[in-house]
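> Structure, please.
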Amino acid sequence: MNYLRLFFLTSIIFLTLACKKEELKPNNNNYVEEETEYQILDIDWVLVSGRIYIENINTNEKTYYNHFGSTQMVSVLDPINGAAIPFDTITEGVTTFRFNSNGKFVLNGNKFYDLTHTNNTFNAIGMENGSARPMTVIDINKTSLSLKVNEDYVSDGTSLFKMYTTLTFVKMGSVCNNCEPDAYYGWTYGGVISYNNTTPSVNTPTDIINTKWVITRVNKGFTNEYPNDTLYFMSNGEYTINSGTIRQFTLTTTMTNMMSLSLYSCTTLNGDYSGEVINTFIQDGEINSVNFKPIISSSNSDAKVWMVRIQ
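I've put the predicted structure just below:
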């Protein structure tokens, strides 16, 4: 796949092939490749694939892994230290990015951060722990966008690693086959990445696994419902409703004493919903009047939720 160089001029973004010398034509908020325009701003981009590249600095071994597989829809950007903030947890077909022309980055439709850019890199700033997350455009076409994120050095206590992730998105409502860029030359494929489930900050704290909860009350607007549906958090990232189809969930730390609980395909709430809960809720055994917001669809209304733990 051709290497792309990207240039940003104020709020106008242009794209050109590195191997050709073509005059670029300006167009607001679009990438322009010769005579083809690719828009990136004000679009909901849905995550469809991801790879993580890990270089062992001690041995010079270079291995890349898929974030997702047939039995893994949820992953984290740092498999050693886990997810520090919601941005660091990714879900295939669910995670969304949106780069707004008003200078805001929107994560999963309900988390808003300030956005800047330099050259071909967007930077979401002011995140939950005061950090920023740069996102570098590495490829784009009329339906897909690929970004490089989370480039960092980490240690497992024995070896030092350099790692980064590439994420490929499609426009919401679009389908794009084989849109993921080719793996980088010289790297060995290592399968689907696994991560340390015993690390407290990773994706889902182990305390919630094998617990059951009953949704006793849901309030939307002026309407109260009492579904009494039972949620069983059966494994890391998977849950069921009333012993039915396996669904996906995430639980991540957002600040000192709060966590973000996201329930995907939750028929009780009629969609994908996320709410901020106190970090002792598992031990407390209850969630009282917590506001859950729709993750993607703006047509769904917020829901106040009451849950009690029964196992």
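> isn't residue 151 right up against residue 166?
No - assessed by Cβ atoms under 8 Å, residue 151 is found out of contact with residue 166, at 10.4 Å. (Glycine included, C-beta is placed from N, CA and C.)
> Run a quick neighbour tally on residue 225.
For residue 225, the neighbour count with other Cβ atoms under 10 Å is 14.
> residues touching the closest residue to it other than its chain neighbours, list them.
Of all residues not flanking residue 225 in the chain, residue 218 sits nearest, at 4.6 Å (Cβ to Cβ, 6 or more residues apart in numbering). Contact analysis of residue 218 by Cβ atoms under 8 Å, 6 or more residues apart in numbering lists 224-227, 268-269, 303-306.
> and these as CSV, adding distance to residue 237, secondary structure and pLDDT?
CSV is the format used below for the contacts of residue 218 (distance: Cβ to Cβ, whole Å; DSSP: H, G, I helix; E, B strand; the rest coil; pLDDT from 0 to 100):
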residue, distance to residue 237, secondary structure, pLDDT
224, 30, strand, 91
225, 27, strand, 92
226, 28, coil, 93
227, 23, coil, 93
268, 19, coil, 94
269, 18, coil, 92
303, 22, strand, 91
304, 25, strand, 93
305, 20, strand, 93
306, 24, strand, 94
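> If residue 123 is in a bridge, with which residues?
For residue 123, the beta-bridge partners under DSSP bridges are residue 116, residue 134.
> To clarify, my last question referred to residue 217.
residue 306.
> give me the number of residues near it?
17.
> Likewise for residue 243?
When neighbours are counted by other Cβ under 10 Å, residue 243 registers 8.
> Tell me where the chain has helices.
Applying DSSP state H to the chain gives helices spanning 281-284.
> Centre-most residue in it?
The centre of the chain sits closest to residue 90, judged by Cα atoms, centre = their mean, with a distance of 3.3 Å.
> Return the residues in contact with the closest residue to that residue other than its chain neighbours.
With Cβ to Cβ, 6+ apart as the criterion, residue 90 has its nearest non-adjacent residue at 5.5 Å, and that residue is residue 75. Counting by Cβ under 8 Å, 6+ apart, residue 75 makes contact with 50, 52, 67-68, 89-91, 193, 195, 203.
> go again using 7 Å as the cut-off
For residue 75, the contacting residues are 50, 67-68, 90, 193, by Cβ atoms under 7 Å, 6 or more residues apart in numbering.
> Make CSV out of those residues and add pLDDT.
Listed next are the contacts of residue 75 as CSV, based on pLDDT from 0 to 100:
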residue, pLDDT
50, 94
67, 92
68, 89
90, 88
193, 87
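> From those residues, which land in strands?
Counting by DSSP state E, the contacts of residue 75 place 50, 90 in strands.
> Redo the contacts of residue 75 as a markdown table? Include distance to residue 208.
Converted to a markdown table, these look like this (distance: Cβ to Cβ, whole Å):
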| residue | distance to residue 208 |
| --- | --- |
| 50 | 24 |
| 67 | 22 |
| 68 | 22 |
| 90 | 19 |
| 193 | 22 |
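> And the contacts of residue 75, which is closest to residue 276?
Comparing the contacts of residue 75 against residue 276 with Cβ to Cβ places residue 90 closest, at 19.2 Å.
> Touching, the closest one and residue 47? I think so.
Yes - using Cβ atoms under 7 Å, residue 90 is in contact with residue 47, at 6.0 Å.
> Pass me the low-pLDDT residue ranges in this structure, would you?
Low-confidence segments of the chain (pLDDT under 70): 1-37, 195-206, 253-257, 297-299.
> Spell out which residues make up each domain of it.
Following automatic domain parsing, one finds the domains of the chain at 45-192, 206-309.
> which stretch among these comes nearest residue 39?
Residue 39 lies closest, by Cβ to Cβ, to one member of these: domain 45-192, at 9.0 Å.
> Now the terminal residues of the closest one, how far apart.
End-to-end distance for domain 45-192: 23 Å, by Cα to Cα, to the nearest Å.
> so where do the strands sit in the stretch 201-311 of the chain?
For the stretch 201-311 of the chain, the strands defined by DSSP state E, counting those that start in this stretch cover 211-220, 223-225, 229-235, 238-241, 247-255, 258-266, 271-278, 286-294, 303-309.
> quick one, which of these is nearest to residue 180?
Across these, closest to residue 180 is strand 247-255 (Cβ to Cβ), at 20.7 Å.
> Appreciated, that's everything.
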